[in-house]
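# Mind folding the following:
(one chain, ligands or ions: 1)
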Amino acid sequence: MPHSALRPATFDERRAAGAYVGDAKSPVGCMDCVRLEAARRQAVAECHDHDAVVDATVAIRSHFRDAHLLFRTA
Ligand SMILES: [Zn+2]
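So this is what the prediction gives:
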């Protein structure tokens with residue numbers, strides 16, 4: 001096995017290999033992304049509560065992974 005095969009597959013490699021699930025919707029125009037990003041920006045702008053910023057950032061990442069990056073690695 002070539003050593004390069006041991007590194008994690010890139011997005012394109014996974015997609016090319018068929019691991020990318022076609023029903024993962026595009027983030028373009030996703031209202032959840034818009035809403036979560038707006039909430040994060042507001043949390044950053046208010047800047048009083050660091051935890052709120054972290055929570056909002058995690059919420060975006062979690063949503064993005066679940067909604068837009070539905071890899072099947074098993
Ligand atoms: Zn989204």
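# Kindly report the residues of the chain close to the ion.
Residues of the chain found near the ion (Cβ under 5 Å from the ion) are 27, 30, 32, 33, 67. The way it works is simple: take the backbone N, C-alpha and C, and place the C-beta from them, glycine included.
# Show me where this structure has its helices.
Here the chain has its helices, by DSSP state H, at 11-16, 31-46, 50-68.
# now for the last one, which elements pack on it?
Helix 50-68 is packed against helix 31-46, with contacts defined by 3 or more Cβ pairs under 8 Å, 6 or more residues apart in numbering; DSSP states H and E.
# Mind picking out the helix or strand in this structure with the poorest mean pLDDT?
Among the helical and strand segments of the chain, the one scoring lowest on mean pLDDT, DSSP states H and E is helix 11-16, with a mean of 62.
# what stretches of the protein score poorly on pLDDT?
1-9, 11-24, 70-74 (pLDDT under 70).
# Now do the contacts for residue 64.
Contacts for residue 64 were tallied using Cβ atoms under 8 Å, 6 or more residues apart in numbering; they are 27, 33.
# ok, 10 Å please
Residues touching residue 64, when contacts are defined by Cβ atoms under 10 Å, 6 or more residues apart in numbering, comprise 27, 30, 32, 33, 36.
# Run a quick check on residue 69 versus residue 27, I expect a contact.
Yes: assessed by Cβ atoms under 10 Å, residue 69 is found in contact with residue 27 at 9.2 Å.
# count of neighbours near residue 60?
17 (other Cβ atoms under 10 Å).
# quick one: it and residue 54 touch, right?
No: if you go by Cβ under 10 Å, residue 60 and residue 54 don't touch, sitting 11.0 Å apart.
# Overlap in contacts, these two.
residue 40.
# Am I right that residue 49 is in contact with residue 42?
No: under the criterion of Cβ under 10 Å, residue 49 is not in contact with residue 42, lying 11.0 Å apart.
# Are there residues contacting both of those two? Which ones?
Where contact means Cβ under 10 Å, 6+ apart, the residues bridging residue 49 and residue 42 through contact with each are residue 56.
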